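J.: Build me a model from this:
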Amino acid sequence: MKMSEIGTFIRGKRFVRTDIVNDGVPCIHYGDMYTYYGLYAAKSRGMLRSEIASKMRYAQKNDVVIVAAGENKEDIGIGLAWLGNEPAAVHDACFIFRSDLYPQYVSHYLRSNYYHKQIVKYVSEGKICSISAKGLGNAIIPIPAHEEQVRIATLLNKFEALVSDLSQGLPAEITAVQEQYEYYRNKLLSFPRNEKISA
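T.: Take a look at the predicted model:
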């Protein structure tokens, strides 16, 4: 189904780096989506000044934050499953995607080739590339049973952990695991009709 048919997109509200402090409400800045966060998080990197908190829009637990602006079109559209118990204020260069899908399944899907090939045609290019909620909403997402979403996400989380933990092996081994992770991610999330996937 189209993402717009199974969930809602809510644009965040603008704040700047100087609004981020040590004590306040959790917040997710779009720049940190590229440099700091991975596929999911329960704690934010920074906190937003309490004085502007009432003006913000928030990701609730199990929402997925999708970055909608960046320096190149290849990076646009990646997502972060927000698992924090406390709502997080979201920057206006991001969308909050709210649905009944398993959030970590969605965040893995948002890094697949299958998804990026669909949305790239909706990216507006310029000094800063961007995509609208309508463009994101046109992406078709496979919807297996909830239990299968959890199984796929759990399997991909294990691969991601191996790839991310440099202490697990030599660079060559890490590269091999990265390739294997990407292979299985794209296989699991493309749901081919005429071949079976063995894990």
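
J.: Please make it C-alpha for all contacts and neighbour counts, starting now.
T.: OK.

J.: Domain-wise, how is this protein divided?
T.: 3-137, 146-190 (automatic domain parsing).

J.: can you pull out the strands in the chain?
T.: Secondary structure of the chain by DSSP state E: the strands cover 7-11, 20-21, 25-28, 40-41, 46-48, 58-59, 64-67, 69-70, 79-82, 88-90, 94-99, 129-130.

J.: between those, which gets nearest to residue 173?
T.: strand 40-41 (24.3 Å; Cα to Cα).

J.: Could you give the average pLDDT over that closest one?
T.: For strand 40-41, mean pLDDT is 96.

J.: now stretch 56-75
T.: Averaging pLDDT along stretch 56-75 yields 94.

J.: and what of stretch 4-19?
T.: 96.

J.: quick one: contacts of it?
T.: With Cα atoms under 8 Å, 6 or more residues apart in numbering as the test, stretch 4-19 has contacts from 48-49, 55-58, 89-100, 133-134, 136-138.

J.: now the residues you listed: which count as buried?
T.: 48-49, 56-58, 89-99, 133, 136-138 (16 or more other Cα atoms under 10 Å).

J.: Let me have the strands of the chain in CSV, extended by distance to residue 112.
T.: As requested, the strands of the chain are arranged in CSV below (distance: least, Cα to Cα, whole Å):
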stretch, distance to residue 112
strand 7-11, 19
strand 20-21, 31
strand 25-28, 22
strand 40-41, 15
strand 46-48, 28
strand 58-59, 22
strand 64-67, 14
strand 69-70, 18
strand 79-82, 11
strand 88-90, 23
strand 94-99, 17
strand 129-130, 18
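
J.: Which of those strands sits closest to residue 176?
T.: In terms of Cα to Cα, the element of those nearest to residue 176 is strand 40-41, at 23.2 Å.

J.: from the domains of the chain, which stretch is densest packed?
T.: A comparison of those by mean neighbour count, using mean count of other Cα atoms under 10 Å, puts domain 3-137 on top with a mean of 19.

J.: what's the span of that domain from first residue to last?
T.: Criterion Cα to Cα, to the nearest Å; first-to-last residue distance in domain 3-137 is 5 Å.

J.: returning to that earlier point: pick out the shakiest of the domains of the chain, pLDDT-wise.
T.: domain 146-190 (a mean of 81).

J.: what about the helices in this structure?
T.: Along the chain, the segments classed as helices by DSSP state H run 3-6, 30-35, 103-109, 113-119, 133-137, 146-164, 171-190.
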